[in-house]
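[1] Dropping the sequence and predicted coords here.
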2 protein chains.
Amino acid sequence: MTEAAASARIRIAIADDQALIRSAVSAMVEVHDGLEVVAEASDGAELLELARAHRIDVVLMDVRMPRLDGIEATALLRRDHPHTKVLVLTTYDLDEYVFAAIRAGASGFLTKDTSSDELAEAIRSVHAGDAVIAPRATASLVDFVAAAPEPVDAEAVLAPFTTREREVLGELLTGATNEVIARRLFMTGNTVKTHIAAILAKLGLPDRVHVVIWAFENGVVGRIRPRGS
Amino acid sequence: MTEAAASARIRIAIADDQALIRSAVSAMVEVHDGLEVVAEASDGAELLELARAHRIDVVLMDVRMPRLDGIEATALLRRDHPHTKVLVLTTYDLDEYVFAAIRAGASGFLTKDTSSDELAEAIRSVHAGDAVIAPRATASLVDFVAAAPEPVDAEAVLAPFTTREREVLGELLTGATNEVIARRLFMTGNTVKTHIAAILAKLGLPDRVHVVIWAFENGVVGRIRPRGS
DNA sequence: CGCCGCCTCACCCGATCGGGTGAGACCTGC
DNA sequence: GCAGGTCTCACCCGATCGGGTGAGGCGGCG
C-alpha cells in the first residue's frame, strides 16, 4: 500500500459549489504523499473547462451543483476523458444517486464524512482501476445484483438447434414474418416453415409468440446475431 | 463509530478449512471491542450445524471448503437464518465468486489480506445491514450495473392504455391466443381482437409478436400482472 | 456403399390473426 | 341532456401461421 510514492503523483480535481467544502477536502487530500490537488471547480461546467486544460487523474465530484450537476458532468467528462476517474462525494447517500452516478461512469461513491485516510485510500483504489462504494450504498448494489436474473449461457440453451435453425430463430426474434425471414435468408416460405416447425418441436412450444417469450426469459436475445446487422 | 460498545456484542462465526487461518482471523477479530467469536467450523456443513446451536450475527466465510463450499453454505444458511449476515473472505478476489456470493446472499466480500481494523469495520457495517465489497471486486459490480439496461418506469410506457387494454396486454405477454385471453378475461374473441387492435394501433406495431418484443425491451414484462397468477 | 442428419422445397388444410365496419350499453363531465 | 370515452360484441375478409406429408440433394460416418 505504499506504491503511491513510487509512481507519479495522482493529480486530483475537486468540484463542489461550496468553497468551504473545497478547501476542507483539498486539505484532507494534500496531507497525503502522492496526492496532489491541481484544480478546483465550483460547478460541473467549470470542471469540464479545467479538464481540457489539465491532465486530471481523479475528480472528487459533488452531486448537487448549479449549471451542470455532478452526474451529468461525470457522463460528459468520462466521454471526453476516459482516463480520468470520478469519485462522487455526496452528503446524501441515496440509492438513486448511486445508480445514476455509476451509470454516468463514476468509479467511486462516498459520503463527505469519510475520514482523510479512507478518502486517500479510495482515491488510490479508483486511480488503480478499482472502485469504492460506501457500505450503505453498496447494500443497494448488492440487492440489485442479487435480484438480477441469473445469467444463462446461450450456447447451452441453443445446443439442440442446427445452424440454419439458429439463423431462422434470430430473424424470428426480430419479429419478422415467415415471408420476411425467407427473403432475408434466401429460402422459400415453405422452408422457413419447416425450420420453425423444427424449432417449435424442439422447444415444445405451440407458436412463435412463445418462442419470443422463451428467448427473452432465457437470455437468448442479443446473443444470437441476425446476420450482418 | 463507537456504537459497537454501546449495543450488544456482535456474535461471529468463522468457517475455513485451515485451522491456521481460523485462529489468525479469530485473533484479528477478538482484539476489537464488541466483537466476539462464538463458533468455528472447518467446512460449510459443520457451520450449518453450529448455526442451529448458536445465535450467530455474522459469519466470516471461506469460499473453498470440503463437503460444502462457502457459496452453497451461504445460500443454505441465509435461507434458514435470514438474520445472520455473511461476509465472504477469499484469497482469490475473482469476479465469478463475487457474483455467486452475492446471489447466494452474502453482504460482504473481502480478501484475506484485509487489515484487522478494516475487517472489524466491515463486520460492523455488515451487521448494521450495509454491505462491504473489496475495491477490486466492486469494480466488477460497477461494470455490471453500468452495463445493465436502464430501468424504465412501466407507468409511463403504459400510460396510453386503458384498464382493459392493460389486462389484455398482460395475457398477451403470457403467449395466450385470443381465444384463451377471451376465456380468462370473460369476454368474446371479438372483443379481444378489438382491444388488441387498439394496442397495436397505439404502439404502431404490426402484430402481437412485435408487442411481446416491445414489452420485454421496455421492461413492461413482470410489471404487468396477468390477474390472480 | 448405405444410412442418417441437415437443408431445401412443395402441396394441402384448418386455425388463428389482423383490418375494417358498425353498433349497443355504460359512465363521466360539460 | 348530450358528447365523448370505454367496454362490449358482431360479421366479413384476406393474410398469416402451424401441422402433416412427401421428396430430392448433399455430406459425413460406419
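    That came in fine, so what should we check first?

[2] which ones are touching A:L119?
    By Cβ atoms under 8 Å, 6 or more residues apart in numbering or on different chains, the contact set of A:L119 is A:V25, A:M28, A:V29, A:L110. Where C-beta positions appear, they are placed from N, C-alpha and C, glycine not excepted.

[3] Does it lie in a helix or a strand, and which?
    helix A:116-127 (DSSP states H and E).

[4] got it, and A:V168?
    With DSSP H and E as the criterion, the answer for A:V168 is helix A:163-172.

[5] How about that helix and DNA strand C, any contact?
    Yes - against DNA strand C, helix A:163-172 shows contacts by Cβ under 7 Å from any atom of the strand at A:T163, A:R164, A:E165.

[6] Restricted to buried residues, select those in ChimeraX.
    If you want just the buried ones from these in ChimeraX, going by 16 or more other Cβ atoms under 10 Å in any protein chain shown, the selection is:
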select /A:165
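
[7] Spell out, range by range, the strands that occur in chain A.
    A:10-15, A:35-41, A:58-62, A:85-90, A:108-111, A:132-133 (DSSP state E).

[8] Out of these, which is closest to A:R208?
    Nearest to A:R208, of all the strands of chain A, is strand A:132-133, at 43.1 Å by Cβ to Cβ.

[9] Neighbouring strands - and their directions - for that closest one?
    strand A:108-111 (parallel) (DSSP bridges).

[10] what comes up buried for the strand it pairs with?
    Neighbour-count burial for strand A:108-111 flags A:G108, A:F109, A:L110 (criterion: 16+ other Cβ under 10 Å).

[11] number of nearby residues for the closest residue to the first one other than its chain neighbours?
    Of all residues not flanking A:G108 in the chain, A:L87 sits nearest, at 3.4 Å (Cβ to Cβ, 6 or more residues apart in numbering or on different chains). Residues lying near A:L87 (other Cβ atoms under 10 Å in any protein chain shown) number 25.

[12] repeat for A:E49
    By other Cβ under 10 Å, 12 other residues sit near A:E49.

[13] Determine the number of other residues adjacent to A:F161.
    18.

[14] Low-confidence stretches in chain A?
    Along chain A, segments meeting pLDDT under 70 span A:1-7, A:93, A:223-229.

[15] Return the residue of it that is most distant from the centre.
    Residue distances from the centre of chain A (Cα atoms, centre = their mean) peak at A:N190, which lies 43.9 Å from the mean C-alpha position.

[16] What separation is there between the residue sitting nearest the centre point of chain A and DNA strand D?
    Chain A has A:R103 as the residue nearest its centroid, 4.8 Å off, counting by Cα atoms, centre = their mean. Distance of A:R103 to DNA strand D, given as Cβ to the nearest atom of the strand, to the nearest Å: 34 Å.

[17] So the nearest residue to that residue once chain neighbours are set aside versus DNA strand C, what's the distance?
    Excluding the flanking residues, the one nearest A:R103 by Cβ to Cβ, 6+ apart is B:A146, at 5.7 Å. Distance of B:A146 to DNA strand C, given as Cβ to the nearest atom of the strand: 36 Å.

[18] doesn't A:A101 make contact with B:A146?
    No - checked against Cβ atoms under 8 Å, the pair B:A146 and A:A101 is beyond contact range at 9.9 Å.

[19] Same drill for those two, tell me which one is more crowded.
    Taking neighbours as other Cβ under 10 Å, B:A146 and A:A101 compare with A:A101 leading, 28 against 15.

[20] pretty sure that one is touching A:D69, no?
    No - counting by Cβ under 8 Å, A:A101 sits too far from A:D69 to count as a contact (10.5 Å).

[21] Report the set of residues contacting both of those two.
    A:V63.

[22] Identify the residues contacting A:L185.
    Applying Cβ under 8 Å, 6+ apart, we find A:L185 in contact with A:R164, A:E167, A:V168, A:E171, A:V192, A:R227.

[23] Please list the residues of chain A that sit near DNA strand D.
    Taking Cβ under 7 Å from any atom of the strand as the criterion, chain A approaches DNA strand D at residues A:177-179, A:190, A:193-194, A:196-197, A:200-201, A:206-209.

[24] And A:P160, how far from A:L169?
    11 Å (Cβ to Cβ, to the nearest Å).

[25] hang on, the earlier thing: residue contacts, the residue nearest to the centre of chain A?
    Contact analysis of A:R103 by Cβ under 8 Å, 6+ apart lists B:V145, B:A146, B:E150.

[26] taking the residues you listed one by one, which sit in helices?
    B:V145, B:A146 (DSSP state H).

[27] which one of the contacts of A:R103 sits closest to A:L35?
    Closest to A:L35, out of all of the contacts of A:R103 and judged by Cβ to Cβ, is B:A146, at 25.8 Å.

[28] check contacts around the closest one.
    Residues in contact with B:A146 (Cβ under 8 Å, 6+ apart) are A:I102, A:R103, A:G105.

[29] Quick one: residues in contact with the helix ranked longest in chain A.
    The single longest helix within chain A, with elements called by DSSP H, is helix A:189-203. Helix A:189-203 has contacts (Cβ under 8 Å, 6+ apart) with A:160-162, A:164-165, A:168-169, A:172, A:178-179, A:181-182, A:185, A:206-208, A:210-211, A:214.
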